[in-house]
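Participant: sequence? don't have it. structure:
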């Protein structure tokens, strides 16, 4: 089995995001790989600032191997100028689409623009490069939560099976993945990668994004909230960002992964709410976390506390986060990782091996100042 990285230039979207910043040094560790990052910029000066900021993240790498091009993934033609389009067509040999809006409260129309239109624009570029005989592969970063409100075991081969969705993010990513799967059926060399809840680096705890798990953790660490609206036996599938980046880069080295989908998830090793809560209680030296059935909370508790909480800044933050993230602690499927383990040879590390670093970094950074 060939395990050599695609050579040439990879066009990377989302280079400044949580996953993208971890991908950069791993991609550039391949001596025959150059990265052209698609970034938003107000003008040429801003574009150079963003280029220099990205290069600063990979010290010791020849700066000529990392460059930027101004664009917008959600705009027609990726927002590229004619000159930049010509450059992309002449230089790029592979694509990684990791850019996405991960807000859960977007109106459906905006979510479609951010996540579906961008996917279609990247696929259009992939087809153009393929027609020119230049495209080696295209790697699309989706999410395991295209599974929506499904229960039970979800296979990597399954996509839209008529499930409902808990927010516009899940819906838009599932619709986007539908376009990707159609392109695969046409013969385009694409692979799909589905991470679950991405937290910080397993070695340092560092993160670019304090979302999802970090919201209840922040409330609990600060002593703002001890009664947690979640079911004790709910699976919380968490993966560190370095595992996601390592897995994606390793999988793209193998031609046999083209046309497949991979759950970059904890899978059968995902912890339950009660076990994770007990560990956080130890790490944060807080009283034991108490769970309350989320349906009971929504029907009886929230209506009573909503008005007084809405009167304070702290209370509004509690309510806002609860509305966005509560569904992920009331019930989740189990993400099967058979295909991942077959091609990668391993699964994600146990959350209990790195959770202390995650909690320590979050406290040191005051949860991003939220």
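Facilitator: Now that the structure is in, tell me what you want to look at. No experiment lies behind these values; they were computed from the predicted model shown. Residues are numbered from 1 along each chain as shown.
Participant: Wait, residue 66 touches residue 56, no?
Facilitator: No. Residue 66 is not in contact with residue 56 according to Cβ atoms under 8 Å; the separation is 10.3 Å. Every residue, glycine included, has its C-beta placed from N, CA and C.
Participant: Okay, now the unreliable bits of this protein?
Facilitator: The model of the chain has pLDDT under 70 over residues 1-5, 317-323, 370.
Participant: Which helix in it has the most residues?
Facilitator: helix 168-186 (DSSP state H).
Participant: And that one, what's buried?
Facilitator: Within helix 168-186, the residues scored as buried using 16 or more other Cβ atoms under 10 Å are 168-177, 179-181, 183-184.
Participant: Which member of those residues is positioned nearest residue 86?
Facilitator: residue 183 (23.3 Å; Cβ to Cβ).
Participant: so how many other residues sit close to the residue lying closest to the closest one once chain neighbours are set aside?
Facilitator: Once flanking residues are discounted, residue 183 sits nearest to residue 123: 5.1 Å by Cβ to Cβ, 6 or more residues apart in numbering. Per other Cβ atoms under 10 Å, the neighbour tally for residue 123 reads 22.
Participant: Residue 278 too?
Facilitator: 14.
Participant: Surely it touches residue 290?
Facilitator: No. Counting by Cβ under 8 Å, residue 290 is not a contact partner of residue 278; they are 11.4 Å apart.
Participant: Show me what the longest helix of the chain is packed against.
Facilitator: If contacts are counted by 3 or more Cβ pairs under 8 Å, 6 or more residues apart in numbering; DSSP states H and E, helix 168-186 sits against helix 108-111, helix 117-131, strand 190-195.
Participant: make it 10 Å
Facilitator: In this structure, helix 168-186 packs against helix 108-111, helix 117-131, strand 137-141, strand 190-195, strand 261-264, with contacts taken as 3 or more Cβ pairs under 10 Å, 6 or more residues apart in numbering; DSSP states H and E.
Participant: List the buried residues in the second one.
Facilitator: Neighbour-count burial for helix 117-131, counted by 16+ other Cβ under 10 Å, picks out 117, 118, 119, 120, 121, 122, 123, 125, 126, 129, 130.
Participant: Same check on stretch 155-164?
Facilitator: Neighbour counts over stretch 155-164 (16+ other Cβ under 10 Å) mark 156, 159, 163 as buried.
Participant: that older thread, specify which member of the buried residues of helix 168-186 is nearest to residue 151.
Facilitator: For those, the nearest to residue 151 is residue 170 (14.6 Å; Cβ to Cβ).
Participant: how near is the closest one to residue 104?
Facilitator: Residue 170 sits 8 Å away from residue 104, going by Cβ to Cβ, to the nearest Å.
Participant: Residue 81 contacts residue 87, correct?
Facilitator: Yes. If you go by Cβ atoms under 10 Å, residue 81 and residue 87 touch, sitting 9.3 Å apart.
Participant: Please identify which of those two sits among more neighbours.
Facilitator: Neighbour count, other Cβ under 10 Å: between residue 81 and residue 87, residue 87 has more, with 16 against 12.
Participant: ok, the more buried one to residue 58 distance?
Facilitator: 21 Å.
Participant: try residue 28
Facilitator: Counting by Cβ to Cβ, the gap from residue 28 to residue 58 is 5 Å.
Participant: Residues that sit against both of those two, list them.
Facilitator: Taking Cβ atoms under 10 Å, 6 or more residues apart in numbering as the criterion, residue 28 and residue 58 both touch 35, 65, 66.
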